[in-house]
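> Have a look; sequence and predicted model below, questions after that.
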Amino acid sequence: MRSLEKLSYSYSLSDWRQGYESQPQESEYIIDNIEGEIPVDLSGTLYRNGPGLLEIYDTPLQHPFDGDGMICSFSFDNGQCFFRNRFVKTREYIEEHKAGKMLYRGVFGSQKPGGWLANLFDIRVKNIANTNVIYWGNKLLALWEAAQPYSLNPENLETIGLDNLEGTLQQEDVFSAHPRIDRQSLFNHGKPSLVNFGIKPGLSSTITVYEFDELGKIIDRYSHITKGFSFIHDFVITPNYCIFFQNPTTYNPLPFIFGLRGAGECVNFESNKPTKIILIPRNTPHDQIITLEVEAGFIFHHSNAFEVNNTEIIIDSICYSQLSQIDPKSSYKEVDFDKLAPGQLWRFKLNLTTKQVIKELINPRCVEFPSINSENVGRNYRYIFIGASDHPTKNAPLQALLKLDLITKQEQLYSFAPKGFTGEPVFIPKKNPESEDDGWVLTLVYDSTYHRSDLVIFDGKNISQPIATLHLKQHIPYGLHGSWKEKNN
Ligand code: FE
């Protein structure tokens with residue numbers, strides 16, 4: 001039975017693994033190998049970030065999340081697309097390339113060569129700037145959650161340097177890779193604002209929220225201390241709240257300090273304990289915190305949140321039944337997808353009066369990296385575009401684009417299986433849209449047949465077929481997050 005089941009799989013592990021080959025080459029060119037046509041009114045730049053190197057010279061990384069950040073830009077103008085990729089030249093990247101060897105351990109378990117003795121008491125953190133890239137306040141910023149952002153030239157992607165956001169971030173402050181943009185902030189005269197956070201974990205953890213106006217000037221900064229260790233990667237906003245899920249984890253730093261494990265390998269998930277949902281008011285006084293509890297499993301990413309009335313809040317999130325522990329003895333390239341819990345989309349209904357939380361499964365498919373219309377962030381919404389497995393329920397690599405209608409529960413899937421592998425889609429609304437899904441969906445697909453990546457463009461209203469497939473000349477290793485910048489914005 002087992003072998004028959006294997007045959008029905010939509011992918012081979014060796015195909016999937018090729019997408020984690022390093023891409024050391026920096027390139028720039030007009031993409032001329034195109035199927036279909038690029039819409040002429042698609043005008044702006046898609047920026048994406050992700051690990052570009054999966055080994056440092058001869059030392060392979062234990063986990064792709066430890067890879068140096070490489071930014072890709074796809075600039076659209078008049079039906080043409082210009083591609084460019086550049087590494088974020090962090091101080092540590094430059095030091096390692098001068099030395100010609102690995103000098104820093106990675107948070108997710110990558111160790112310097114030479115065994116535990118070479119790693120003993122080395123608790124320095126390498127800023128790899130590899131998780132997200134956003135354009136805000138006339139700056140292009142590469143983000144990594146355990147450090148400060150790196151500023152880049154938005155035109156040619158050259159690294160400018162560490163950026164403390166006009167002095168907002170002090171020496172020890174960090175800036176998460178998951179900012180949210182409130183299009184009509186109550187705290188910026190109804191104009192757009194960028195809201196982000198930083199976590200200082202410990203026996204108690206400090207969550208600091210930053211709100212910026214459209215020019216990148218700080219409007220407000222406030223903190224909340226929560227008991228226990230926190231591993232909080234993402235958050236959600238509504239017009240009145242910032243909402244954090246503190247998953248039940250503990251941290252034992254000793255194996256890290258003694259050079260035996262990476263810091264990320266020292267996080268333990270406590271499946272018998274509830275998740276704390278922390279609502280921090282965006283209005284003053286910020287200390288009127290509401291805390292609820294739920295059996296949530298582990299959450300990396302949320303889709304969105306919105307207020308139904310003064311007493312109910314809805315949050316949609318991708319939940320795992322547990323946090324997959326990283327095995328220090330095995331390579332991520334040998335992962336057995338069957339043994340891991342799939343990420344699935346759940347809806348949490350928070351009753352602020354009774355403090356009750358109801359949790360409902362929206363869709364059983366294995367999904368990650370949601371994208372929604374940016375106008376609806378923090379507000380009621382209808383559509384989610386998300387990376388998905390080809391199989392309807394099993395845990396598997398992302399190979400498809402899924403569109404979910406949260407009102408009718410209808411779903412539409414376009415699969416690149418068996419040879420294609422996907423990641424985060426980015427939804428770009430049209431100017432003067434007729435509906436919430438009136439726009440384009442862009443997704444980068446690794447094609448293992450040709451060992452190259454394609455940028456695929458879909459019409460958001462109907463994803464049954466791509467409207468254009470742009471073949472790159474090379475592959476881009478599986479990435480993390482990205483964003484869209486309108487032209488002349
Ligand atoms: Fe993320």
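Everything's here; your move. Quick caveat: nothing in here was measured; it's all calculated off a predicted structure.

> what's the span of stretch 330-345, first residue to last?
29 Å (C-alpha to C-alpha, to the nearest Å).

> how about residue 98, secondary structure?
Here residue 98 takes the helix state, with states given by DSSP: H, G, I helix; E, B strand; the rest coil.

> What about it, how many residues nearby?
9 (other C-beta atoms under 10 Å). (Glycine included, C-beta is placed from N, CA and C.)

> quick one: it from residue 110, how far?
Noted for residue 98: a distance of 19 Å to residue 110, by C-beta to C-beta, to the nearest Å.

> Please apply the same query to residue 264.
In terms of C-beta to C-beta, residue 264 sits 10 Å off from residue 110.

> For those two, indicate the residue with more neighbours.
Counting neighbours by other C-beta under 10 Å for residue 264 and for residue 110 shows that residue 110 has the greater number, 25 against 21.

> about what we covered before: who touches both of residue 264 and residue 110?
Residues touching both residue 264 and residue 110 (C-beta atoms under 8 Å, 6 or more residues apart in numbering) are residue 63.

> in the stretch 101-250 of the chain, which spans are helices?
Under the criterion DSSP state H, counting those that start in this stretch, the stretch 101-250 of the chain contains helices at 115-119.

> Low-confidence regions, the stretch 301-450 of the chain specifically.
324-329 (pLDDT under 70).

> Can you show me the strands along it?
Counting by DSSP state E, counting those that start in this stretch, the stretch 301-450 of the chain has strands at residues 312-320, 344-351, 357-363, 367-371, 383-388, 400-405, 411-415, 420-421, 426-429, 439-447.

> pLDDT below threshold where in the stretch 51-200 of the chain?
Using pLDDT under 70, the flagged stretches of the stretch 51-200 of the chain are 109, 112-124.

> redo that, cut-off 90
58-66, 104-126 (pLDDT under 90).

> And the strands in it?
According to DSSP E, counting those that start in this stretch, the strands that the stretch 51-200 of the chain contains are 55-56, 59-60, 69-77, 80-87, 132-136, 139-143, 150-152, 159-162, 180-182, 193-200.

> looking at those strands, which is closest to residue 400?
strand 69-77 (20.8 Å; C-beta to C-beta).

> Give me the sheet partners of that closest one and which way each runs.
Partners of strand 69-77 in the sheet, by DSSP bridges, are strand 44-51 (antiparallel), strand 80-87 (antiparallel).

> buried ones in the last one?
Neighbour-count burial for strand 80-87, counted by 16 or more other C-beta atoms under 10 Å, picks out 81, 83-87.

> Could you work out which of the strands paired with strand 69-77 reaches nearest to residue 244?
Per C-beta to C-beta, nearest to residue 244 of the strands paired with strand 69-77: strand 44-51, 22.8 Å.

> one step back: and of the strands paired with strand 69-77, who's closest to residue 354?
Closest to residue 354 of the strands paired with strand 69-77 is strand 44-51 (C-beta to C-beta; 41.2 Å).

> Now the closest one - C-alpha only, CSV.
Presented in CSV, the C-alpha positions along strand 44-51 are these (Å, rounded to 0.1, in the frame of the first residue of the first chain):
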residue,chain,number,x,y,z
GLY,A,44,6.0,49.1,-10.7
THR,A,45,8.4,46.8,-9.0
LEU,A,46,8.0,43.5,-7.2
TYR,A,47,10.8,43.1,-4.6
ARG,A,48,11.5,39.6,-3.1
ASN,A,49,13.9,38.5,-0.4
GLY,A,50,15.1,35.0,0.6
PRO,A,51,18.3,33.0,1.3
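
> and residue 154, what does it touch?
The contact partners of residue 154, taken as C-beta under 8 Å, 6+ apart, are 45, 135, 139-140, 485.

> Now rank those by neighbours and give me the top one.
Within the contacts of residue 154, neighbour counts (other C-beta under 10 Å) peak at residue 140, which reaches 24 neighbours.

> Bridged to the residue lying closest to residue 402 once chain neighbours are set aside, which residues?
Once flanking residues are discounted, residue 402 sits nearest to residue 388: 3.8 Å by C-beta to C-beta, 6 or more residues apart in numbering. With DSSP bridges as the criterion, residue 388 is bridged to residue 367, residue 400.

> so who does residue 388 touch?
Applying C-beta under 8 Å, 6+ apart to residue 388 gives the contacts 365-367, 398-402, 413, 422.

> how close does it get to residue 366?
7 Å.

> intersection of neighbour lists for these two?
Joint contacts of residue 388 and residue 366 (C-beta under 8 Å, 6+ apart) are residue 398.

> Report how many residues lie close to the residue lying closest to residue 60 once chain neighbours are set aside.
Leaving aside its sequence neighbours, residue 60 sits nearest to residue 54 (C-beta to C-beta, 6+ apart; 6.9 Å). Neighbourhood size, residue 54 [other C-beta under 10 Å]: 21.

> check contacts around residue 54.
With C-beta under 8 Å, 6+ apart, residue 54 has these contacts: 20-22, 60-61, 64, 67, 477.

> Narrow these to those that are buried.
Neighbour-count burial within the contacts of residue 54 applies to 20, 22, 61, 64, 67, 477; the criterion is 16+ other C-beta under 10 Å.

> Fine, thanks again, bye for now.
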